[in-house]
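Chemist: Predicted model and sequence follow; I will ask about them next.
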Amino acid sequence: MTDTCLLAELIEHATARNPEAVALSYGKQSMPYGVLQQSIEGLVSGLVGLGLQRGERIAIYLEKRFETVIASFGATAAGCVFVPLNPLLKADQVAYIMRDCNVRAVVTSNERLSLLAPALAACHDLRHVIVTGTEPLPAADGPLAYLRWDDLLETGGQSGHRVIDTDMAAILYTSGSTGKPKGVVLSHRNMVAGAKSVASYLGNNADDTLLAALPLSFDAGFSQLTTAFHAGARVVLLNYLLPRDVLKTLAREKVTGLTAVPPLYIQLSELDWPTEISQHLRYFANTGGRMPRETLAKLRAHLPTSKPVLMYGLTEAFRSTYLPPEEVDRRPDSIGKAIPNAEILVLRDDGSPCAAHEPGELVHRGALVGMGYWNDHEKTAERYKPLPANTPGRGAGLVLPEIAVFSGDTVRSDEEGFLYFIGRRDEMMKTSGYRVSPTEVEEVLYATKLVGECVAFGVDHPTLGHAIQVIATPGTGGTLDTAALLAECRRRMPAYMVPAGVTVRPGPLPRNPNGKIDRKLLAGEFLANSSAAEGASKLDTCLEGSRK
């Protein structure tokens with residue numbers, strides 16, 4: 001069989017093996033690989049017929065559905081670049097991204113178009129709005145032409161532009177919790193190498209059914225498609241409202257592989273799981289942050305025969321490490337070792353390798369390293385850097401530098417090479433002279449079993465440096481005794497790690513568009529409320545003084 005080099009070849013080769021096999025399920029509908037391939041070919045012809053050139057960007061603003069998948073893979077097969085937009089984003093956020101990467105065409109639904117329409121005029125490079133459904137289309141508006149999705153797919157006879165595996169395939173925008181979102185550019189080689197690597201250690205095969213619960217604009221979400229298509233497996237597309245919907249779908253569709261982020265797993269772990277899920281769910285994988293030990297223990301109790309796979313990754317290099325299931329009991333806090341076809345280094349600031357147990361920056365090298373941030377030289381230079389000349393695997397005679405991703409995450413490795421996440425450098429708290437990771441504090445809070453969800457962050461303090469603040473939701477009992485929680489913290493933590501304060505609020509805590517608890521948002525709200533309270537207190541003091 002011809003080896004897969006380009007993203008759309010994942011589907012092409014799966015179709016050649018078994019065109020009748022089901023590729024996608026959505027609600028009560030299913031789409032075989034053969035039909036999926038035909039739809040992609042129709043879209044390729046339609047896009048080229050519109051005059052779209054090699055490398056031009058096509059945005060996709062849809063929830064998970066068949067058209068979303070066809071548009072993603074069809075854009076790359078045409079020689080273009082797809083830009084998946086999280087359906088939770090608002091019109092102004094969508095417009096910013098489309099302007100930032102000069103989107104030429106957008107695929108959306110009639111319902112979403114009504115929300116997006118007022119912002120389209122500001123997207124100066126946009127020329128084509130491709131709309132799903134059968135509702136009447138708006139009239140042409142200046143340079144904008146509106147086209148029906150079904151009509152575009154009926155265009156025949158045109159082939160895509162020539163493409164090689166180092167060409168751009170996608171631009172995935174980060175959540176932008178620290179400012180405007182950044183567009184991570186990924187090549188065909190990045191995405192195909194990632195699919196092969198992940199499918200190999202998860203053991204994906206043609207009999208698998210994977211649940212796409214995460215947003216397809218999130219690298220781990222889109223990975224459910226690429227790993228499944230590489231194996232010829234089936235993907236169930238799910239737009240869920242409640243965590244219980246995930247459990248119902250796992251049971252109904254007999255899902256064999258689930259990948260999710262810790263906040264979703266925390267919610268799922270508190271529910272009653274149908275017993276039949278463990279009979280067919282072969283593995284459950286974690287990404288997007290460290291899984292709390294208590295959550296992992298609850299999930300394993302629900303799923304006694306399912307294998308847990310703990311993973312670490314970053315959009316800039318897709319996926320970096322995984323912990324094999326057989327190691328989970330021995331080292332549940334580890335993020336594992338490098339995935340196949342990647343090398344992970346732990347380096348000091350001067351580029352030299354760290355010793356065992358010495359904290360350093362996680363650096364990822366290999367075929368999964370992305371192409372940088374779109375149109376952002378400064379941020380690209382901060383994250384994508386040349387490897388030191390003495391890096392293992394780099395011969396002294398090599399003249400050209402090799403670019404690696406310097407993650408900004410602090411980790412350590414043990415004597416056997418297993419890695420342990422400490423924290424993000426830009427989130428680390430320094431209190432009483434100690435550097436403390438928010439996740440380290442949160443891990444202890446979850447271990448008390450007194451909280452449902454929690455987030456820790458540092459607040460400037462005149463003597464401590466940072467005072468550790470926590471926002472938490474009640475656990476399953478419905479109430480949270482902060483005095484009892486702090487007492488447990490004092491029992492389990494060194495004094496410098498004990499939170500200075502705990503704020504209780506109802507759950508769930510707010511998420512960013514990728515489903516992670518939004519630490520930056522919560523910290524900002526806390527500071528804003530604290531400033532307002534301080535201002536009110538000062539005003540009361542002044543009024544009291546004037547009365548006297």
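Modeler: In hand now; what should we look at?

Chemist: List the pairing partners of the host helix or strand of Thr410 within its sheet, with orientation.
Modeler: If you go by DSSP states H and E, Thr410 is part of strand 403-413. For strand 403-413, the paired strands and their directions (DSSP bridges) read strand 360-366 (antiparallel), strand 384-386 (antiparallel), strand 419-424 (antiparallel).

Chemist: Deepest-packed of those strands, please.
Modeler: Mean neighbour count (mean count of other CB atoms under 10 Å) peaks for strand 360-366 among the strands paired with strand 403-413, with a mean of 23. In short, each C-beta sits where N, CA and C put it, glycine included.

Chemist: So which bits of the helix or strand following that strand are buried?
Modeler: Downstream of strand 360-366, the first helix or strand assigned by DSSP H and E is helix 377-383. For helix 377-383, burial by neighbour count (16 or more other CB atoms under 10 Å) applies to 380, 383.

Chemist: which other residues reach helix 377-383?
Modeler: 182, 316, 372-373, 405-408 (CB atoms under 8 Å, 6 or more residues apart in numbering).

Chemist: and if you look at stretch 22-42?
Modeler: 8, 11-12, 14-15, 18-21, 64-66, 69-70, 73-74, 77, 152-156, 228-229, 232, 234-237, 253.

Chemist: Which of those residues fall within helices?
Modeler: The members of the contacts of stretch 22-42 that map onto helices under DSSP state H are 11-12, 14-15, 66, 69-70, 73-74, 77, 152-153, 228-229.

Chemist: filter these to the buried ones?
Modeler: 11-12, 14-15, 66, 69-70, 73-74, 77, 152-153, 228-229.

Chemist: So of these, which two are at opposite extremes in space?
Modeler: Within these, Leu152 and Ala228 form the most distant pair, 25.6 Å apart (CB to CB).

Chemist: what are the ranges of the helices in the stretch 151-300 of the chain?
Modeler: Assigned by DSSP state H, counting those that start in this stretch, the stretch 151-300 of the chain shows helices spanning 188-202, 219-231, 243-252, 262-269, 277-280, 293-302.

Chemist: most tightly surrounded among the ones you listed?
Modeler: helix 219-231 (a mean of 26).

Chemist: Tell me how far that helix lies from the chain's centre.
Modeler: 13 Å (CA atoms, centre = their mean, to the nearest Å).

Chemist: for it, packing partners?
Modeler: The contact analysis (3 or more CB pairs under 8 Å, 6 or more residues apart in numbering; DSSP states H and E) places helix 219-231 against helix 9-17, helix 66-77, strand 168-173, helix 188-202, strand 209-212, strand 234-237, strand 257-260.

Chemist: Where among the helices of the stretch 151-300 of the chain is average confidence lowest?
Modeler: Note on the helices of the stretch 151-300 of the chain: lowest mean pLDDT is at helix 262-269, with a mean of 90.

Chemist: what are the C-alpha coordinates of that one, in PDB please?
Modeler: Below are the C-alpha coordinates for helix 262-269, written out as PDB (Å, rounded to 0.1, in the frame of the first residue of the first chain):
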ATOM      1  CA  PRO A 262      -9.500  16.900  32.700                       C
ATOM      2  CA  PRO A 263     -12.500  19.300  33.300                       C
ATOM      3  CA  LEU A 264     -14.800  17.000  31.300                       C
ATOM      4  CA  TYR A 265     -13.400  13.900  33.100                       C
ATOM      5  CA  ILE A 266     -13.900  15.600  36.500                       C
ATOM      6  CA  GLN A 267     -17.600  16.000  35.600                       C
ATOM      7  CA  LEU A 268     -18.000  12.500  34.100                       C
ATOM      8  CA  SER A 269     -16.300  10.900  37.100                       C
END
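
Chemist: Next, the angle from that helix to helix 293-302.
Modeler: When axes from the mean of the first three to the mean of the last three CA atoms, to 10 degrees is applied, the directions of helix 262-269 and helix 293-302 differ by 50 degrees.

Chemist: any residues touching helix 262-269, and which ones?
Modeler: Everything outside helix 262-269 that qualifies as a contact, by CB under 8 Å, 6+ apart, is 213, 243, 246-247, 260, 284, 286, 288-292, 295, 298-299, 302, 446, 452-453, 508-509, 511, 515-517.

Chemist: leaving aside the residues next to it on the chain, what's closest to the residue nearest the centre of the chain?
Modeler: Using CA atoms, centre = their mean, the residue of the chain that lies closest to the mean C-alpha position is Phe218, 3.8 Å off. Among residues not flanking Phe218 along the chain, Asn514 sits closest, at 4.4 Å (CB to CB, 6 or more residues apart in numbering).

Chemist: all strands in the stretch 1-150 of the chain, in order from the N-terminus.
Modeler: In the stretch 1-150 of the chain, the strands defined using DSSP state E, counting those that start in this stretch lie at 22-26, 29-32, 57-61, 81-84, 105-109, 128-132, 145-148.

Chemist: Redo these as TSV? Include mean neighbour count, mean pLDDT and distance to Thr4.
Modeler: Formatted as TSV, those follow (neighbours: other CB atoms under 10 Å; pLDDT from 0 to 100; distance: least, CB to CB, whole Å):
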stretch	mean neighbour count	mean pLDDT	distance to Thr4
strand 22-26	22	98	15
strand 29-32	15	98	19
strand 57-61	26	98	22
strand 81-84	25	98	18
strand 105-109	26	97	24
strand 128-132	23	97	27
strand 145-148	16	96	31
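
Chemist: what's the closest of those to Leu480?
Modeler: Comparing these by CB to CB, strand 81-84 comes nearest, at 37.4 Å.

Chemist: Report the distance from stretch 330-340 to the chain centre.
Modeler: 19 Å.

Chemist: can you pull the buried residues of it?
Modeler: Applying 16+ other CB under 10 Å to stretch 330-340 flags 331-332, 334-339 as buried.

Chemist: Span of it from start to end?
Modeler: 22 Å (CA to CA, to the nearest Å).

Chemist: cool, stretch 19-38 as well?
Modeler: Stretch 19-38 has an end-to-end distance of 10 Å (criterion: CA to CA).

Chemist: can you give me the offset of that stretch from its chain's centre?
Modeler: 25 Å.

Chemist: What helix or strand is His466 located in?
Modeler: strand 465-474.

Chemist: helices or strands next to that strand in the packing?
Modeler: Using 3+ CB pairs under 8 Å, 6+ apart, strand 465-474 sits against strand 429-431, helix 438-447, strand 451-461, strand 501-504, helix 519-547.

Chemist: Convert the C-alpha atoms of that strand to PDB, please.
Modeler: Taking C-alpha atoms only, strand 465-474 is exported to PDB below (Å, rounded to 0.1, in the frame of the first residue of the first chain):
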ATOM      1  CA  GLY A 465       5.600  37.900  46.400                       C
ATOM      2  CA  HIS A 466       2.400  36.000  45.500                       C
ATOM      3  CA  ALA A 467      -0.500  35.000  47.700                       C
ATOM      4  CA  ILE A 468      -2.100  31.800  46.500                       C
ATOM      5  CA  GLN A 469      -5.800  32.200  45.900                       C
ATOM      6  CA  VAL A 470      -8.200  29.400  45.000                       C
ATOM      7  CA  ILE A 471     -11.700  29.400  43.400                       C
ATOM      8  CA  ALA A 472     -13.500  26.200  44.000                       C
ATOM      9  CA  THR A 473     -17.000  24.600  43.500                       C
ATOM     10  CA  PRO A 474     -18.700  22.300  46.100                       C
END
